[in-house]
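J.: My questions are about this predicted structure, shown below with the sequence.
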Amino acid sequence: QVQLVESGGGLVQAGDSLTLSCAASGRTFSSYTMGWFRQAPGREREFVAAISPYGRNTYSADSVKGRFDISRDYNNKVYLQMNSLRPEDTAVYYCVARGGPDDYSTYRTAGEYPIWGQGTQVSVSS
C-alpha cells in the first residue's frame, strides 16, 4: 500500500523556522516527482514546492521562494525547510507524489499529483 506520512508541523512565531518531513512507503519513490501543497482555511489547495526524481530539479511558488527549500534523500523521505515564516504561511501542508520516470516538478495543480498524505498543520502567530 502506497502511503505518505507527514510530520514536523506545529505552532511557531513569525520569523521562526520549521522543517517538515514526509516518509513514503509501499514502493521505491526515487523515480517519483515529490512535492508539497498547502491549504489554508477557506482557500483552495496551493502549490508550494516540488522536486524531480533523484533531486535534479526543484521548483517553488513565488510566495515562498527564497524562504522555503525542498529536498529529498535516498531513503524515501522528502523535506520542506521553512524559514522566515509568516502568519500567511498558516495552513495544512500536504506531501504529494507523482509516478515517474519523467520529471513532473513543474506541475503545480493539485489534480496532477495522484498520491497525497494526510497533512500536517503549521500555524504561525504574529
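T.: Cool, the structure landed. Numbers count the residues shown, from 1 in each chain.
J.: which residues of this structure fall in strands?
T.: For the chain, the strands defined by DSSP state E occupy 3-7, 10-13, 18-25, 33-39, 46-51, 58-60, 68-72, 77-82, 91-98, 115-116, 120-125.
J.: Could you check how far the fifth one is from the centre of its chain?
T.: The chain centre lies 6 Å from the centre of strand 46-51; the measure is Cα atoms, centre = their mean, to the nearest Å.
J.: before we move on, what about the fourth one?
T.: Between the mean C-alpha location of strand 33-39 and the chain-wide mean there is a distance of 4 Å, by Cα atoms, centre = their mean.
J.: Give me the most central residue, the protein.
T.: Central residue of the chain (Cα atoms, centre = their mean): W36, 2.1 Å from the mean position.
J.: Can you give me the neighbour number for A40?
T.: A40 has 14 neighbours, counted by other Cβ atoms under 10 Å. C-beta coordinates here come from the backbone N, C-alpha and C atoms, glycine included.
J.: got the contact list for it?
T.: With contact set as Cβ atoms under 8 Å, 6 or more residues apart in numbering, A40 has these partners: 46, 88, 90-92.
J.: cutoff 6 Å now
T.: By Cβ atoms under 6 Å, 6 or more residues apart in numbering, the contact set of A40 is A91.
J.: circling back: could you find the closest non-adjacent residue to the residue nearest to the centre of the chain?
T.: V48 (4.2 Å; Cβ to Cβ, 6 or more residues apart in numbering).
J.: again, but for N76
T.: Excluding its sequence neighbours, the residue lying closest to N76 (Cβ to Cβ, 6+ apart) is A24, at 4.2 Å.
J.: In CSV: the strands of the chain, plus distance to T106.
T.: Output for the strands of the chain, formatted as CSV (distance: least, Cβ to Cβ, whole Å):
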stretch, distance to T106
strand 3-7, 20
strand 10-13, 30
strand 18-25, 20
strand 33-39, 9
strand 46-51, 8
strand 58-60, 6
strand 68-72, 13
strand 77-82, 17
strand 91-98, 11
strand 115-116, 18
strand 120-125, 24
